[in-house]
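1. Sequence first, predicted model second:
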Amino acid sequence: MARNWTIEDLEYWDARIQEKVREFGLACFPQEFEVCDHEQMLGYMAYHGMPAHYPHWSFGKAYEKLRTLYRYGVSGLPYEMVINTAPSLAYLMRENSLCLQILTIAHVYGHNDFFRNNFSFRDTRPELAIAHFKLRAERVRHYVEDPSIGPQRVEEILDAAHALSLQCRRDTAIRKLSRAEQQDRALADAIPPRDPYAGIHKAREYHAPDLNRIPLEPEEDILLFIAENQPYLSEWQKDLLRIVHEESRYFIPQIETKIMNEGWASYWHFQIMNNLDLPEDLYLEFLVHHNQVVRPHPGDINPYYLGFRVWADIRQRYDGESQGAGQRKIFEVRETDRDASFLRRFLTEPLMRDMDLFEYRRDQGQTVISQISDADHWESVRDSLLKNVGMATVPVIRITDADFRHNRVLLLRHAHDGRDLQREYLEKTLGYLHRLWGRQVLLETTVSGASVTFSYDNSGLGEIRTGSAEQRNTHA
Amino acid sequence: MTESAFRSYSETGALRSDRSAGDRLRHRQKVREAIRENVADIVAEESIIGQSRDKIIKVPIRGIREYHFIFGDDSPGVGSGQGNSQPGQVISTSQGAQPGSGKAGSQPGVDYYETEITLEELTDIMFEDLELPDMERRKLREVMVESLRRRKGFRRVGVRAHLDKKRTAMARMRRKLAARTGIGDRPERFPFHRDDLKYRRIVRDLRFQSNAVVLCIMDTSGSMDTMKKYLARSFFFLLHQFVRTRYNNVQVVFIAHDAQAREVSEEEFFAKGGSGGTIISSGYLKALEIVRERFHPSLWNVYAFHCSDGDNWTQDNPTALRAAEELAEVCNLFGYGEIKPLNSGSYGDSLLELFEKIEADNFHALMIENKEDIWPSFKELLLRERTDVPADRA
């Protein structure tokens, strides 16, 4: 595609767009744009958009995969990429036409506003993000270059840490209690509640809680827990675990708000472009691109499409109540919701029927529609959708005991929500967990309705049907 | 919001910024390791045998998946339709065929992928796997040949065909700029000068040429059925590929024999449904004759492999033994593969006992019972290759 723009053009249009941004009331960080070619774009994509990032082969794999898909035209490159930093940083593709650049710039301001205002990004420290990533990269490189450590041992730890990286707390807005606070809470919980019928039946007895138990409350931050409680790890190994953990913490808000965020940016680029008095040729080209971006992907969920439709629907419905109410409502929602609550609250039955959302199940290599959004089933289709957005795609697995049977066996419990774990992945991931923990690892879960405990020790994966676990214990 | 900033694209920045190079290399290494672990499986697959070297093979990569806890196949998903979806409608029939499913790790199929490599790359990996200890040290029978013409620099004189137009035009432009004296001083024409002409300099390269010939000898008597032929073919294929990795000029000769031997083309070799009895010595004598006539051992490295089901005519055995010893003399490596598929029912005679008498250490007789045997047997065979060079006997 021939390039028909200069940096001055971009600056001109950026100024026009900023006017509109202010007019609409979006509150953004200062914005930086970097023009790059497609190779650089692939590089940024592979490294989560970060200008500096620690090395690991999985990013090489991501790069190769993206490049292959791009070369064979399976997937195009995104027109832009924005990262959650302050000032916000966005990459523009050099190969794109002027119209696409304008569209992209407008879109970027939508993301920028969302990053700055949505509650889930509050603790991501965007002003330090780039520096943090750079420091972490330097630390990892330092370990790689250290002759007493070397690339291979670093890779071993990173492989294991990556396998568990998303096993962490997802409610970022809720503060994690310190151990002392957890102890206070355990003591308070142990006191029997005041019983108004104490005279009628026997009062509940006071059981002193075991305050030495580790962890006191089930623990979801697996990597962090290992770094703090595995005595045989070296400092550099613990540091690697923390690095991977911190990165996940940084990205979880983006995972949790994918649909809202893309929908919000698409909604605002649409508003801005429509109010920009574009020349006709640019405007027609814009409509083509816009429809490409927010079109439904049959059989799949396009977050741009879904988000765009829901935002527009909220605006329309609330505008019906009173003048300006829609605008106020969407600004409120963009601050206080994430994908799960956003869809639960605002994905209505007519909207679902209009988008023809359906639930499918895989059955012997076939994908079959199981339910459609009709009057009886739309809520259940919506609930299935909620299980497939954000962190709901990651099983909740908590450490319940780090000293099981007083033998430093790590006991985990999978909070089963109707979906079984994939067996092969479970085995391999438990293997990584075992590598990090250094002792036997047990995972309690449910398979096809029956309770099962998987065990991973030096001899590999074992399976204990529940009930026999205690028996085995007495034999051992 | 106060202002925004644009950073324009810089060519040099782009050149310096191949940040993923190290990680790609490491990933590539892991792919190779994974392929190496599966080589035996891939060889046992029928599709690679007898294919051209450019054929692209899909190799399933195991072991470099990124594992994490994920949900199994029983968990439902949600999609959008085109307005006419009905319960029970089948939307796709193959697993993981959801295009561009963006939900990380919601399906194992997304992370499972195949890599594509050419047959050539695959053979490289396969022979890396063999790790033959004396691979580098061995002196090959080599001849000096003028094999290549290379471009090396430029010069002022030459033939028209070698004129480098771009450089010539650049030289003229340079001269034109240098000749400019002042503003307005623009000559109408500025023709090429003889000094502008640049010719490509072509040099001849003297190289060592190493030659090898692979003699494929196969029993095509009535008792060789398709399965046996397939196993034989796999073996010839491997030998041929192996020889190709080490010599730059490799020829293949196919000798088919039943009671008498003929040199045939590859198609005939494998297609021929033969009949009649078996006289193995005829094949060996034919091979010796061909070596004597066309591939003198002082110039050629000879690799011979013979596949048979061992059903020889008993009276021929002494002659065959003598011929085999003679053939081992001229070859770098001479192998005999007795093919007895497990359920073929032909537990007739075996030549393995007979060939035990051959003392040459570059001779190796082996038994192939099924596809899985091929790769291990082949490895074993290659370890027998003679390390000294028989060229002095020439």
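-> Received, thanks. Numbering: from 1, shown residues only, chains lettered A, B, ... in the order given.
2. Count the neighbours of A:His38 for me.
-> 15 (other CB atoms under 10 Å in any protein chain shown). For every residue, glycine as well, the C-beta is placed using N, CA and C.
3. got the CA coordinates for the longest helix seen in chain A in PDB?
-> Secondary structure assigned by DSSP state H gives helix A:235-256 as the longest helix of chain A. Extracted in PDB, the C-alpha atoms of helix A:235-256 (Å, rounded to 0.1, in the frame of the first residue of the first chain):
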ATOM      1  CA  GLU A 235      17.300 -15.900  45.800                       C
ATOM      2  CA  TRP A 236      17.600 -15.600  42.100                       C
ATOM      3  CA  GLN A 237      15.000 -18.400  41.600                       C
ATOM      4  CA  LYS A 238      12.600 -16.700  44.000                       C
ATOM      5  CA  ASP A 239      13.200 -13.400  42.100                       C
ATOM      6  CA  LEU A 240      12.300 -15.100  38.800                       C
ATOM      7  CA  LEU A 241       9.100 -16.300  40.300                       C
ATOM      8  CA  ARG A 242       8.300 -12.900  41.500                       C
ATOM      9  CA  ILE A 243       9.100 -11.300  38.200                       C
ATOM     10  CA  VAL A 244       6.700 -13.600  36.400                       C
ATOM     11  CA  HIS A 245       4.100 -13.000  39.100                       C
ATOM     12  CA  GLU A 246       4.400  -9.300  38.800                       C
ATOM     13  CA  GLU A 247       4.000  -9.400  35.000                       C
ATOM     14  CA  SER A 248       0.800 -11.400  35.300                       C
ATOM     15  CA  ARG A 249      -0.600  -8.900  37.900                       C
ATOM     16  CA  TYR A 250       0.100  -6.200  35.300                       C
ATOM     17  CA  PHE A 251      -1.700  -8.000  32.500                       C
ATOM     18  CA  ILE A 252      -4.700  -9.500  34.400                       C
ATOM     19  CA  PRO A 253      -6.700  -6.200  34.200                       C
ATOM     20  CA  GLN A 254      -6.300  -6.300  30.400                       C
ATOM     21  CA  ILE A 255      -7.400  -9.900  30.300                       C
ATOM     22  CA  GLU A 256     -10.400  -9.000  32.500                       C
END
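4. pLDDT score for the residue in the stretch 51-200 of chain A that chain B sits nearest to?
-> Closest residue of the stretch 51-200 of chain A to chain B, CB to the nearest CB: A:Gly60 (3.2 Å). As predicted, A:Gly60 sits at a pLDDT of 88.
5. Which elements pack onto the longest helix of chain A?
-> Here helix A:235-256 is seen to pack against helix A:129-145, helix A:150-163, helix A:222-229 when contacts are counted using 3 or more CB pairs under 8 Å, 6 or more residues apart in numbering or on different chains; DSSP states H and E.
6. Buried deepest among these, which one?
-> The highest mean neighbour count among the helices and strands packed on helix A:235-256, using mean count of other CB atoms under 10 Å in any protein chain shown, belongs to helix A:222-229: a mean of 22.
7. Need the pLDDT of the residue lying closest to A:Gly25 once chain neighbours are set aside.
-> In this structure, A:Gly25 finds its nearest non-sequential neighbour in A:Phe331, 6.9 Å apart by CB to CB, 6 or more residues apart in numbering or on different chains. A:Phe331 is assigned 95 on the pLDDT scale.
8. Return the distance of the residue of the stretch 51-200 of chain A closest to chain B relative to B:Arg24.
-> Distance of A:Gly60 to B:Arg24, given as CB to CB, to the nearest Å: 4 Å.
9. Spit out the contact partners of residue 83.
-> All of this is about chain A. A:48-50, A:89-90, A:129 (CB atoms under 8 Å, 6 or more residues apart in numbering or on different chains).
10. I was thinking of chain B, sorry if that wasn't clear
-> So B:Gly83 contacts A:Asp356 (CB under 8 Å, 6+ apart).
11. Next, it: phi, psi?
-> Phi and psi for B:Gly83, reported as degrees, to the nearest 10, are phi 100, psi -10.
12. what separates it from A:Ser370, distance-wise?
-> 18 Å.
13. Same check on A:Tyr232?
-> Where A:Ser370 is concerned, A:Tyr232 sits at a distance of 48 Å (CB to CB).
14. Now B:Asn217: closest residue in space, sequence neighbours ignored.
-> That one is not Asn; residue B:217 is Ile. B:His306 (4.2 Å).
15. looking at it, the one you found is touching B:Cys331, isn't it?
-> No - at 10.9 Å, B:His306 does not count as touching B:Cys331 under the criterion of CB atoms under 8 Å.
16. list residues touching both of those two?
-> Common neighbours of B:His306 and B:Cys331 (CB under 8 Å, 6+ apart) do not exist.
17. Make sure I have this right: the residue nearest to B:Ile217 is in a strand.
-> Yes - according to DSSP: H, G, I helix; E, B strand; the rest coil, B:His306 belongs to a strand.
18. related to what we said a few turns ago, so what's the gap between the longest helix of chain A and the chain middle?
-> Counting by CA atoms, centre = their mean, to the nearest Å, helix A:235-256 is centred 12 Å from the centre of its parent chain.
19. re the thing from before, among the contacts of A:Ile83, which one is most surrounded by other residues?
-> The member of the contacts of A:Ile83 surrounded by the most neighbours (other CB under 10 Å) is A:Leu89, with 26 neighbours in all.
20. just checking, that one touches A:Val82?
-> Yes - with contact defined as CB under 8 Å, A:Leu89 and A:Val82 form a contacting pair (7.2 Å).
21. so how many other residues sit close to the nearest residue to A:Arg465 once chain neighbours are set aside?
-> Counting by CB to CB, 6+ apart, A:Arg465 lies nearest to A:Val452, which is 6.3 Å off, once chain neighbours are set aside. A count of nearby residues for A:Val452, using other CB under 10 Å, gives 17.
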